[in-house]
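Chemist: Quick one: sequence and predicted model below, then my questions.
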Amino acid sequence: MRQALESGLLEAALAERTRANEEFFGAEAERLARLCHRMAERFARGGRLIAFGRTPAARSDARHVAVEFVHPVIVGKRALPAIALAGEGGDLGEQVALTADPGDIAIGFGAPEDGGEAAAAIGAARERGCLTLAFARAGAEWEFEPPSADASVRQELVETLYHVLWELVHVFFDHRGLLEGREARPVHDTGASSFLYPFLGEREHDLEAVVEDVRRSVLAKAEEVGVLRAQTLEENGAELLRAAEGLRRDLDAGGTLLALGNGGSATDAMDAVADFRRPPAPGWPARRAIDLTEDPAILTAIANDIGTEAIFARQVIAYGGDGDALLAISTSGNSPNVIAALGEARRRGLRTIAMVGYDGGRVASERLADHVVVTRSEHIPRIQEAQASAYHLLRELVEAV
């Protein structure tokens, strides 16, 4: 029974993700390439990215895309201005009207689930003259609707999409002669990030040639995450099931799941907690969960007074105990504050689950968590996309075991 559950759920989850990924990016690759060009022109003129979302899951995506643009994790990428607006700041439309300038780019998340608030914010952004983007029918100029009925799969496709936009908008900066903006000048080279784009370089391009190269890069990145997602779920299926079985016992007994991560992984922790608190599938119960990245007052107080290494461990001391669980998400498996939190969690009797990239880092090599899920890649955006599939599947397994 246990093996059948693991095999059946895993096969179905992976098959749906593979189908939707191929269909979505196969259909949208050229439009994404042209959108990258439009976004690069806006950034070249001094525009900013304004991302917003009302629901807990949409808020995590808005913050994820903003941190990727502001704090690029790939050497050679420039920081680009971006801000995330969420429900705690008030009505999204009012926030956008106060924040957005005519040359900005507005991205709305969660349009079908928030009672029309994101759509209204998209409308406010269009009135301001922004380039607008959404992932459902929301009145945006650029709309991309993921082809899946599964909310988790749709969100994973959207995450890959905005990672691809972030990665490939830089190609047009490396071909500045194709931009209309204050940074535009006749430079045609692929720059420090050329190793990421196998179809670019060695010759000058006109716009259509670059768009075609970027289209092919979109397809290559979508294929890459498809392969990595399969590796993550297939190699770690049994580990995910064991983690889900233990976590189900903890939660049924009144325990709480704590989750943490840094940067983009912080937004993934935020998303995981949102899925436990507000179930994405009908019939699932809401579960007790705390996002250890959520409170800026706590994070900045600990970082300022003690140091960043303690920002999660101190919260584990405050909130965690025997019968609770900790989900730690890290692309490297080496982050000192993640390792400190895992150590504190073990001392206090929490079940520990870690999702890590690269070769697993110290978390895997020293077995610093009870359950370790390794996504074997050195490309951070793809790691995060595959990890999203892993924690979404963990959530599903918790209710299936």
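Modeler: Arrived safely. Bear in mind the structure is a predicted one, so any value in this text is a computation, not a measurement.

Chemist: So, low pLDDT: which residues of the protein?
Modeler: Low-confidence segments of the chain (pLDDT under 70): 1-6, 75, 176-178, 180-205.

Chemist: how's it carved up into domains?
Modeler: According to automatic domain parsing, the chain comprises the domains 22-223, 224-400.

Chemist: Could you tell me the end-to-end distance of the longest one?
Modeler: So that's domain 22-223. End-to-end span of domain 22-223 (C-alpha to C-alpha, to the nearest Å): 8 Å.

Chemist: Take the domains of the chain and lay them out in CSV including mean neighbour count and distance to residue 10.
Modeler: (C-beta placed from N, C-alpha, C; glycine too.) Output for the domains of the chain, formatted as CSV (neighbours: other C-beta atoms under 10 Å; distance: least, C-beta to C-beta, whole Å):
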stretch, mean neighbour count, distance to residue 10
domain 22-223, 20, 14
domain 224-400, 20, 5
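
Chemist: Mind checking those domains for the one nearest to residue 8?
Modeler: Closest approach to residue 8 among the domains of the chain is made by domain 224-400 (9.2 Å; C-beta to C-beta).

Chemist: sorry, back to before: out of the domains of the chain, which gets nearest to residue 13?
Modeler: domain 224-400 (5.5 Å).

Chemist: Output the contacting helices and strands for the helix or strand where residue 236 lies.
Modeler: Secondary-structure assignment from DSSP states H and E places residue 236 in helix 207-252. Contact partners of helix 207-252 among helices and strands, from 3 or more C-beta pairs under 8 Å, 6 or more residues apart in numbering; DSSP states H and E: helix 2-44, helix 151-173, strand 257-260, strand 325-330, strand 351-356, strand 371-374, helix 380-400.

Chemist: Between helix 151-173 and that helix, find me the angle.
Modeler: 150 degrees (axes from the mean of the first three to the mean of the last three C-alpha atoms, to 10 degrees).

Chemist: before we move on, back to that, is it possible to get the domains of the chain out as CSV so that each row also shows distance to residue 7?
Modeler: Below are the domains of the chain laid out as CSV (distance: least, C-beta to C-beta, whole Å):
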stretch, distance to residue 7
domain 22-223, 19
domain 224-400, 8
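
Chemist: what about those, which gets the closest to residue 14?
Modeler: Set against residue 14 and scored by C-beta to C-beta, these come closest in domain 224-400, at 5.3 Å.

Chemist: now that closest one, how far from the chain's geometric center?
Modeler: Put simply, domain 224-400 sits 14 Å off its chain's centre (C-alpha atoms, centre = their mean, to the nearest Å).

Chemist: What is the end-to-end distance of it?
Modeler: Domain 224-400 end-to-end distance (C-alpha to C-alpha) = 29 Å.

Chemist: Extract the CA atoms of stretch 337-350 and return them as PDB.
Modeler: Extracted in PDB, the C-alpha atoms of stretch 337-350 (Å, rounded to 0.1, in the frame of the first residue of the first chain):
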ATOM      1  CA  ASN A 337      21.600  30.400   9.700                       C
ATOM      2  CA  VAL A 338      19.800  27.400   8.200                       C
ATOM      3  CA  ILE A 339      22.400  25.000   9.800                       C
ATOM      4  CA  ALA A 340      22.100  26.800  13.100                       C
ATOM      5  CA  ALA A 341      18.300  26.500  13.000                       C
ATOM      6  CA  LEU A 342      18.500  22.800  12.100                       C
ATOM      7  CA  GLY A 343      20.800  22.200  15.000                       C
ATOM      8  CA  GLU A 344      18.600  24.000  17.500                       C
ATOM      9  CA  ALA A 345      15.500  22.200  16.200                       C
ATOM     10  CA  ARG A 346      17.200  18.800  16.800                       C
ATOM     11  CA  ARG A 347      18.200  19.800  20.300                       C
ATOM     12  CA  ARG A 348      14.500  20.700  21.000                       C
ATOM     13  CA  GLY A 349      13.100  17.500  19.500                       C
ATOM     14  CA  LEU A 350      11.600  18.800  16.300                       C
END
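
Chemist: Can you give the contact residues for that stretch?
Modeler: For stretch 337-350, contacts defined as C-beta atoms under 8 Å, 6 or more residues apart in numbering pick out 258, 260-262, 292, 308-313, 315-317, 320-326, 328, 330, 352, 354, 362-363, 368-369.

Chemist: Looking at the helices and strands packed on helix 207-252, which is nearest to residue 208?
Modeler: helix 2-44 (10.1 Å).

Chemist: The helix or strand that that closest one is followed by vs helix 151-173, what angle?
Modeler: Per DSSP H and E, helix 2-44 leads on to strand 49-53 as the next helix or strand towards the C-terminus. Orientation of strand 49-53 against helix 151-173 (the same axes, to 10 degrees) gives an angle of 170 degrees.

Chemist: and strand 49-53, which strands flank it?
Modeler: strand 82-86 (parallel), strand 105-109 (parallel) (DSSP bridges).

Chemist: now the angle between helix 2-44 and that strand, please.
Modeler: Using the same axes, to 10 degrees: strand 49-53 against helix 2-44 is 140 degrees.

Chemist: elements contacting whichever helix or strand comes after strand 49-53?
Modeler: Downstream of strand 49-53, the next assigned helix or strand under DSSP H and E is helix 56-70. On a contact count with 3+ C-beta pairs under 8 Å, 6+ apart, helix 56-70 meets strand 49-53, strand 82-86, strand 105-109, helix 151-173, helix 264-277.

Chemist: Residue 236 reaches residue 373, doesn't it?
Modeler: Yes. Residue 236 is within contact range of residue 373, at 4.4 Å (criterion: C-beta atoms under 8 Å).

Chemist: overlap in contacts of those two?
Modeler: With C-beta under 8 Å, 6+ apart, residue 236 and residue 373 have common neighbours residue 390.

Chemist: Can you report phi and psi for the closest residue to residue 299 other than its chain neighbours?
Modeler: Excluding the flanking residues, the one nearest residue 299 by C-beta to C-beta, 6 or more residues apart in numbering is residue 311, at 5.3 Å. Dihedral pair for residue 311: phi -60, psi -30, per degrees, to the nearest 10.
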